[in-house]
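[1] Let me see the structure of the following:
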Amino acid sequence: MVRTRPITISNLSSLCVILLSVLVSTAAPAAEQSPWLEIHSPHFTVITDAGDKKGRETALRFEQMRTVFATLLMKERLNGPVPLTILAFKNDKTYYQIAPLRQGQPIAVAGFFVPGEDQNFFVLNLFEEDPWRAVAHEFAHLMLNYNYPPVQGWFDEGLAEYFSSIRLDNKQVEIGGDPELQSSSDEGLLQNQPQTRNPSKSLTELLSGQVWLALPDLLTMKHDTSSYTESTHHTLFYAQSWMVVHYLLHEKKLPETGTYFDLVENRHLSVEEAMQKAYGVTSVQFDQAVKDYFHSLKPLFAALDASKQPSAQNNLPQVYQFPEMVGPNDSVITSKSISEADARALTAEVQIRIPDRREAGLQVLQMLATAPNPNTNKGSASKDGDKDAPLVTATGNEIAHRVLAWDHVQRGEFDAAVEELSTSAALNPSDMWIRYYLSVLKYRMSQAKHTDIQGLPNMLQDLRAVLDWYPEFADAYDLMATARREGGGPVAAMQAERAAIQLSPRNQQYIYHLAEIYVEDRKWEAARTLLERLKSSNDPKVAAKATERLGQIGNEQKYGLSAGSASAKKLTTQSSPFDVLEQDAAKRAAAEQTAQSTGKSDKRPAKFLQGRLVGVDCSQSPAAVLTVTSGGTVLKLRTPDYKSLLLIGAETFSCDWNDRSVSVNYKPGGLSDGDLVSVEVR
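    Have a look, this model is predicted:
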């Protein structure tokens, strides 16, 4: 077990001093022979031991799938609100050591999906042909969840089945074939992967029968698509959903389909009424059109006949072919080596998220976290002359410590999480995951202990940095909205929460959080509208919270007091275990700003001041001078470019600010002036 100790100011100080200090000088890593590469394309990260060529091909195939999906949905851009990593192994041996188990044996498929609150993973066996096809169904669900409003299950599953038939190379895309025809199969351990077993009817065979589901029954059938634990796809529901979407895509009827969903979901029309208004036909006519379309698809029946031959291969005839839209030279893909230890830690990070592999993954992480590292800097974490900074001795692999920290956060083991984050930050203070995990840790601690979020100003600062690193991180926006809400800024909180919802429109927790913000801002009707919708949520926890909240709004509106307003919190300096972190953040921010403007490291100690902003002088724009008073002291604090100044509590800088309560981090010049690091406006 990883050693833990209670959370105290002393053991948090290590994390606080080193977390954000990018000035730490670390010894260059010793050269080592590692087969592992980290490959980056515009939207994906691939970790592989299969070599540069295979790794780049994997990244390219996912970029191609992303482009095809955007084309199908007629989207100019797609959201990716959760970081996605592809772990691609070169052979069966390494792949099967991590693959989920089924009846004690690894699942016999070329790839699988591992979802997470912080990030998602695809795991592939590159020894198999086209392993990305094994995860195309889950890939389609991800893209739908992040880029399409909530709709009925038949559409989600129909589109995911259609997409999972995709076949890619450097010249063309093939799609539209029967995705369940490749081999006789049934679901794998995660209940979302085919595995060679007893023969089952393909979708083409199911639809070739005399009986189809009545169209109104299909379109109103309850099918929860919020999770990735699907059962077998060899059912009439999947077959018919697949063919309806097949027809809609071929006939270019997605705009009409959007109208249909609005009519049935928002206006509560019957299937028959909505069908006639959206498509201009009755449900019987629509059903017949789909059947006629199915029987016209000769490649499906040719593929079915070919699959019965003893020499049948997976490359069965497809329905549609078109030129590839993303070729090897159309996407910037970079590659760099990573150490064997880092690769093992990343592999173990996936393992601990798979129930049957968790213990093995923990053992690897704990070994890596305690192994001596001759390249580790074991001196002071602060090199700026601060004699009071504590000495931090860091041992082991940084990624292993970081992964263990997140695992502790997930399990509510906050003291252990702090200890692991402290060590991880000592080893690599520029790792943005540490700043994100620390923000989540602060929030989870406040929830568990029913207290204010400790270190709120710097939590906002950390989240801004995380969003600079990964601008589409929806959960970071959601956390920022929570922090702003607690700091007394409902307008800024709304902006952040709406950004989260835009990036991940099906996340009902975000919608509930927005309803809470509306309540606190006394926007009663807007809150009621959202909560009424959430009452029928597929998530029982969200539905229960929405129902309870609706019952409270009446009294709150009547007496002019919301549940949160009685104890509304303002963004003020707090005494907390994270105090040293707040001080160090100022040092880090000042160093970054000065280094950017002068190219040199600024070793001046940063100071914090809470006072009143008297006025702003922008006569030398984009430079600005802020006059701040506090306890009889008057300071002139300057910034070379107010457009790049770090702000808290405001979206944009204003030269018209005056008579405002502010908190500032600054580098002192003389007794009455200095250089601004950040400004918090209240």
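[2] Show which residues not belonging to the helix or strand harbouring residue 494 make contact with it.
    Per DSSP states H and E, residue 494 falls inside helix 490-503. Residues from elsewhere that reach helix 490-503, judged by Cβ atoms under 8 Å, 6 or more residues apart in numbering: 79, 81, 146, 472, 474-475, 477-478, 480-482, 484-485, 507, 510-511, 513-514, 517-518, 520-521, 649-651. (Each C-beta comes from the backbone N, C-alpha and C, glycine too.)
[3] Only the buried subset of those, as a ChimeraX command please.
    The ChimeraX command for the buried members of those (criterion: 16 or more other Cβ atoms under 10 Å) is given here:
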select :79,81,146,472,474,475,477,478,480,481,482,484,485,507,510,511,513,514,517,518,520,521,649
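[4] Tell me, how many residues neighbour the nearest residue to residue 537 once chain neighbours are set aside?
    Once flanking residues are discounted, residue 537 sits nearest to residue 543: 4.3 Å by Cβ to Cβ, 6 or more residues apart in numbering. Residue 543: 16 surrounding residues under other Cβ atoms under 10 Å.
[5] do the same with the one 10 residues further on
    If you count neighbours by other Cβ under 10 Å, residue 553 ends up with 19.
[6] now swap in residue 674 and tell me
    Counted by other Cβ under 10 Å, the residues lying close to residue 674 total 23.
[7] likewise residue 355?
    Residue 355: 11 neighbours (other Cβ under 10 Å).
[8] and the contacts of helix 490-503, which of them are in helices?
    146, 474-475, 477-478, 480-482, 484-485, 510-511, 513-514, 517-518, 520 (DSSP state H).
[9] Scan the chain for its longest strand.
    Using DSSP state E to define each element, the chain has its longest strand at strand 607-617.
[10] The next helix or strand after it: partners in the sheet, and parallel or antiparallel?
    Proceeding N to C from strand 607-617, the next assigned helix or strand is strand 624-630, under DSSP H and E. Partner strands and pairing direction for strand 624-630 (DSSP bridges) are strand 607-617 (antiparallel), strand 633-639 (antiparallel).
[11] How far off centre is the longest one?
    Meaning strand 607-617. 37 Å (Cα atoms, centre = their mean, to the nearest Å).
[12] Now do the buried residues in it.
    In strand 607-617, counting by 16+ other Cβ under 10 Å, buried: 607, 608, 609, 611, 613, 614, 616.
[13] can you check the shortest one too?
    By neighbour count, with 16+ other Cβ under 10 Å as the criterion, the buried positions of strand 633-639 are 635, 637, 638, 639.
[14] now it: mean pLDDT?
    Average pLDDT, strand 633-639: 90.
[15] residues in contact with that strand?
    609, 611, 614, 623-629, 645, 664, 666, 672-676.
[16] ditto for the longest one
    When contacts are taken as Cβ under 8 Å, 6+ apart, the neighbours of strand 607-617 outside the stretch itself are 572-573, 582-583, 586, 624-631, 633-635, 654-668, 674, 681.
[17] Now do whichever strand or helix holds residue 556 against helix 508-520, angle only.
    Under the criterion of DSSP H and E, residue 556 resides in helix 540-559. Angular relation of helix 540-559 and helix 508-520 on a 0 to 180 degree scale: 10 degrees, by axes from the mean of the first three to the mean of the last three Cα atoms, to 10 degrees.
[18] Tell me how far helix 540-559 lies from the chain's centre.
    Worked out by Cα atoms, centre = their mean, helix 540-559 lies 29 Å from the chain centre.
[19] Could you name the helices and strands sitting against that helix?
    Packing partners of helix 540-559 (3 or more Cβ pairs under 8 Å, 6 or more residues apart in numbering; DSSP states H and E): helix 508-520, helix 524-534.
[20] same for the last one, what does it pack against?
    In other words, helix 524-534. Packed against helix 524-534 by the contact rule (3+ Cβ pairs under 8 Å, 6+ apart) you find helix 508-520, helix 540-559.
[21] nearest to residue 358, of the buried residues of strand 633-639?
    Set against residue 358, the nearest of those by Cβ to Cβ is residue 639 (48.9 Å).
[22] hey, what's the closest one bridged with?
    Beta-bridge partners of residue 639, as defined by DSSP bridges: residue 624.
[23] how close does it get to residue 677?
    9 Å (Cβ to Cβ, to the nearest Å).
[24] hmm, back to that, closest to residue 116 out of the strands paired with strand 624-630?
    Using Cβ to Cβ, these put strand 607-617 closest to residue 116, at 35.8 Å.
[25] Could you give the number of residues near the closest residue in space to residue 508 that isn't next to it in sequence?
    Distances taken as Cβ to Cβ, 6+ apart place residue 542 nearest to residue 508, at 4.7 Å, with adjacent residues excluded. Number of residues near residue 542 (other Cβ under 10 Å) recorded here: 18.
[26] Next: residue 251.
    Using other Cβ under 10 Å, residue 251 has 13 neighbouring residues.
[27] Report the separation between it and residue 329.
    Counting by Cβ to Cβ, the gap from residue 251 to residue 329 is 34 Å.
[28] just residue 405 next, same as before
    40 Å.
[29] Kindly report the same for residue 362.
    Applying Cβ to Cβ to residue 362 and residue 329 gives a distance of 43 Å.
[30] and for stretch 541-553, what are the contacting residues?
    Under Cβ under 8 Å, 6+ apart, the answer for stretch 541-553 is 508-509, 512, 515-516, 519, 524, 527-528, 531-532, 534-537, 563.
[31] what about 10 Å?
    Residues from elsewhere that reach stretch 541-553 (Cβ atoms under 10 Å, 6 or more residues apart in numbering): 507-509, 511-512, 515-516, 518-519, 524-525, 527-528, 530-537, 539, 556, 562-563.
[32] which of the residues you listed are buried?
    Counted by 16+ other Cβ under 10 Å, the contacts of stretch 541-553 give 507-509, 511-512, 515-516, 518-519, 527-528, 530-531, 533-534, 537, 539, 556, 562 as buried.
[33] Just the C-alpha atoms of the helix holding residue 556, please, in CSV.
    Below are the C-alpha coordinates for helix 540-559, written out as CSV (Å, rounded to 0.1, in the frame of the first residue of the first chain):
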residue,chain,number,x,y,z
PRO,A,540,-31.7,8.6,-11.4
LYS,A,541,-29.4,10.8,-9.2
VAL,A,542,-29.9,13.8,-11.5
ALA,A,543,-33.6,13.2,-11.7
ALA,A,544,-33.9,13.0,-7.9
LYS,A,545,-31.9,16.2,-7.4
ALA,A,546,-33.9,18.0,-10.0
THR,A,547,-37.2,16.9,-8.4
GLU,A,548,-36.0,18.0,-5.0
ARG,A,549,-34.8,21.4,-6.2
LEU,A,550,-38.1,22.1,-8.0
GLY,A,551,-39.8,21.6,-4.7
GLN,A,552,-37.6,24.2,-3.0
ILE,A,553,-37.9,27.0,-5.7
GLY,A,554,-41.4,28.1,-4.7
ASN,A,555,-40.4,29.1,-1.1
GLU,A,556,-37.2,30.6,-2.3
GLN,A,557,-38.9,32.8,-4.8
LYS,A,558,-41.7,33.7,-2.4
TYR,A,559,-39.3,34.9,0.3
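[34] ok so, going back, between residue 405 and residue 329, point out the one with more neighbours.
    Each of residue 405 and residue 329 has its neighbours counted (other Cβ under 10 Å); residue 405 has more, 30 against 7.
[35] Can you list the low-confidence ranges for this structure?
    1-32, 182-199, 224-231, 310-315, 373-393, 560-603 (pLDDT under 70).
[36] Could you rerun that using 50?
    1-14, 16-31, 183-198, 376-392, 563-589, 599 (pLDDT under 50).
[37] Grab the most central residue of it for me.
    residue 82 (1.6 Å; Cα atoms, centre = their mean).
[38] If I follow the layout properly, that residue ends up in contact with residue 118?
    Yes - the criterion here is Cβ atoms under 10 Å, and residue 82 meets it with residue 118 at 7.7 Å.
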